[in-house]
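[1] Predicted model and sequence follow; I will ask about them next.
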Amino acid sequence: MSLKDEIEKIIQSERKKLESRDQKHKEHWERQRERFRPMRALLEKVVNAVDQEHVEVRFSEDDAIIEVGTKRLEDGCFEEDVRWKVQPNFVVKLFPSSGEGFLEEESGFRVEEAITCRQPEIDYREKALIFGTESEAVQYIIKKMAEQIAHYQHIKSFRTGK
């Protein structure tokens with residue numbers, strides 16, 4: 001076998017590994033979308049049940065971003081105070097074996113929480129939480145959302161005197 005044939009054989013082997021990795025990534029995202037469907041239904045119910053003045057949500061096929069905040073009076077822009085990115089849990093493998101995908105499904109749901117503080121000493125706090133079920137994740141978000149909306153309503157009552 002010539003050197004050229006040897007090199008071509010190695011190249012073909014490496015291409016097969018890359019195609020295998022790409023197929024695993026595709027299958028991973030398909031599973032993520034399937035896993036997210038029940039969570040999306042729950043989150044839609046939650047968001048529709050709360051005061052829309054303080055909540056904005058964006059759904060994609062495999063995650064949701066829920067923001068709680070206020071609209072500025074001067075320009076109507078939404079200023080978030082808390083944001084949650086909700087998605088089925090997975091990990092990124094930094095050094096996968098050849099032909100393996102970088103992404104690996106894990107049980108439960110990941111909720112990435114970001115809190116924006118308008119105090120000079122603390123600008124931003126972020127943490128990732130893992131919940132075993134959709135229900136546990138949604139209950140956490142409901143509690144935190146209710147706390148924040150209660151805060152807005154409390155401030156509003158001082159302003160309006162009610």
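    Great, that's in hand. Numbers count the residues shown, from 1 in each chain.

[2] Going by residue numbers, what spans are strands in the protein?
    55-59, 64-71, 78-92, 103-119, 122-131 (DSSP state E).

[3] export these to a markdown table and tack on mean neighbour count and distance to residue 6?
    All C-beta spots, glycine's among them, are computed from the backbone N, C-alpha and C. Shown next, in a markdown table, are these (neighbours: other C-beta atoms under 10 Å; distance: least, C-beta to C-beta, whole Å):
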| stretch | mean neighbour count | distance to residue 6 |
| --- | --- | --- |
| strand 55-59 | 15 | 51 |
| strand 64-71 | 19 | 50 |
| strand 78-92 | 17 | 34 |
| strand 103-119 | 15 | 33 |
| strand 122-131 | 12 | 46 |
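
[4] Are there helices or strands packed against the lengthiest helix in the chain, and which ones?
    The longest helix of the chain (DSSP state H) is helix 3-49. Identification of packing neighbours for helix 3-49 by 3 or more C-beta pairs under 8 Å, 6 or more residues apart in numbering; DSSP states H and E yields strand 55-59, strand 64-71, strand 78-92, strand 103-119, helix 134-160.

[5] and the ones you listed as CSV, adding distance to residue 31 and mean pLDDT?
    Output for the helices and strands packed on helix 3-49, formatted as CSV (distance: least, C-beta to C-beta, whole Å; pLDDT from 0 to 100):
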stretch, distance to residue 31, mean pLDDT
strand 55-59, 18, 94
strand 64-71, 17, 92
strand 78-92, 8, 92
strand 103-119, 6, 86
helix 134-160, 15, 91
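
[6] Isn't residue 36 up against residue 42?
    No. Contact criterion C-beta atoms under 8 Å: residue 36 and residue 42 do not qualify, at 10.5 Å.

[7] So for these two, which residue has more residues nearby?
    Taking other C-beta atoms under 10 Å, residue 36 and residue 42 do not tie; residue 36 has more neighbours (22 against 18).

[8] need the contact list for that one.
    By C-beta atoms under 8 Å, 6 or more residues apart in numbering, the contact set of residue 36 is 61-64, 87-88.

[9] Reformat those as CSV; add distance to residue 158.
    Converted to CSV, these look like this (distance: C-beta to C-beta, whole Å):
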residue, distance to residue 158
61, 42
62, 41
63, 36
64, 32
87, 37
88, 41
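
[10] List just the nearest of these to residue 12.
    residue 62 (32.8 Å; C-beta to C-beta).
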